[in-house]
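*Asks:* whatever this is, show me its structure:
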Amino acid sequence: MIVDEAEAGIAQHIRLERGARNWSLAELAERSGVAKASISKIERGEMSPSAGLLVRLAAAFDLTLAGLLLKAEGEKGRLTRAADQPVWRDPATGYRRRQIFGRPDHPLEMVQVELPAGESVSIPAWTYAHARHVVWVQMGELVLIEGGERHLLRAGDSLGFGPPAEVTYANESTRPCHYVVALARS
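*Replies:* You can find the predicted model right below:
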C-alpha cells in the first residue's frame with residue numbers, strides 16, 4: 001500500500017508514461033527488464049520500487065531517474081528552496097536521494113545521495129546512454145565500480161564517468177557516505 005505522496009506520484013506517472021506510449025504492461029516489462037507483476041504492483045501502489053527498478057523503468061521511457069522523479073513531482077519554478085527539494089528513499093537499501101536541481105527544460109541535473117554503510121546500488125550501462133555523469137563525494141568513502149574498473153573516492157574526490165558502462169555505487173565502510181551526482185543530458 002502507498003505510504004506517502006512521493007510514491008503515489010511515482011506510481012501515477014509510470015502509469016501515465018506507459019499510457020502515453022500505448023504500451024501494455026508486457027511491453028514495458030520487456031523494454032525495462034522489470035517483471036510485469038512488479039510493474040503492476042508499483043502502478044497500483046502495492047509495492048515501493050527500489051532505485052534499481054526505477055532506473056530501469058525510467059530508461060525504458062528514455063528518461064533518467066531524476067527525470068522520471070521530476071515528472072512525477074510536477075513542474076516547479078527555476079528556484080528550488082532547500083525545504084522544497086524532493087527526497088526519496090529506496091525501501092530496499094535505505095539509499096536517500098535529494099533532488100537538488102532538475103528541470104525538464106534544462107540539460108543539467110544535480111542529486112545529493114546518502115548511501116548507508118554496507119549498501120550498494122547497481123545501475124545498468126544503458127541508463128547512461130544519453131547523459132554524462134560526475135560524482136563528487138562530500139563525506140565518507142564511496143567505491144565506484146564502472147565497467148569492472150574499481151575507484152575508491154574519499155571526501156572531496158570526484159570522478160567523471162567514461163563511456164556508458166554498468167556502474168555500482170558501494171559504501172564498503174561503517175559510516176554513511178554522502179555524495180553529489182551531476183548529470184548533463186546529451
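*Asks:* helices of the protein, residue ranges please.
*Replies:* For the chain, the helices defined by DSSP state H occupy 5-20, 25-32, 36-43, 51-60, 65-73.
*Asks:* ok, residue 89 touching residue 95?
*Replies:* Yes - using CB atoms under 8 Å, residue 89 is in contact with residue 95, at 7.0 Å. For every residue, glycine as well, the C-beta is placed using N, CA and C.
*Asks:* gap between the residue nearest to the spatial centre of the chain and residue 34?
*Replies:* The centre of the chain sits closest to residue 65, judged by CA atoms, centre = their mean, with a distance of 3.8 Å. According to CB to CB, to the nearest Å, residue 65 stands 13 Å off from residue 34.
*Asks:* thinking again about what came up before, quick one: which of the helices of the chain is nearest residue 166?
*Replies:* helix 51-60 (11.3 Å; CB to CB).
*Asks:* helices or strands up against the closest one?
*Replies:* Applying 3 or more CB pairs under 8 Å, 6 or more residues apart in numbering; DSSP states H and E, one finds that helix 51-60 makes contact with helix 25-32, helix 36-43, helix 65-73, strand 120-123.
*Asks:* closest to residue 109 out of those?
*Replies:* Using CB to CB, the nearest of the helices and strands packed on helix 51-60 to residue 109 is helix 65-73, at 4.4 Å.
*Asks:* the residue nearest to the centre of the chain against residue 51, yeah?
*Replies:* Yes - assessed by CB under 8 Å, residue 65 is found in contact with residue 51 at 7.1 Å.
*Asks:* for stretch 110-128, buried residues please.
*Replies:* By neighbour count on 16 or more other CB atoms under 10 Å, the buried set for stretch 110-128 is 110, 111, 112, 113, 114, 115, 119, 121, 123, 124, 127, 128.
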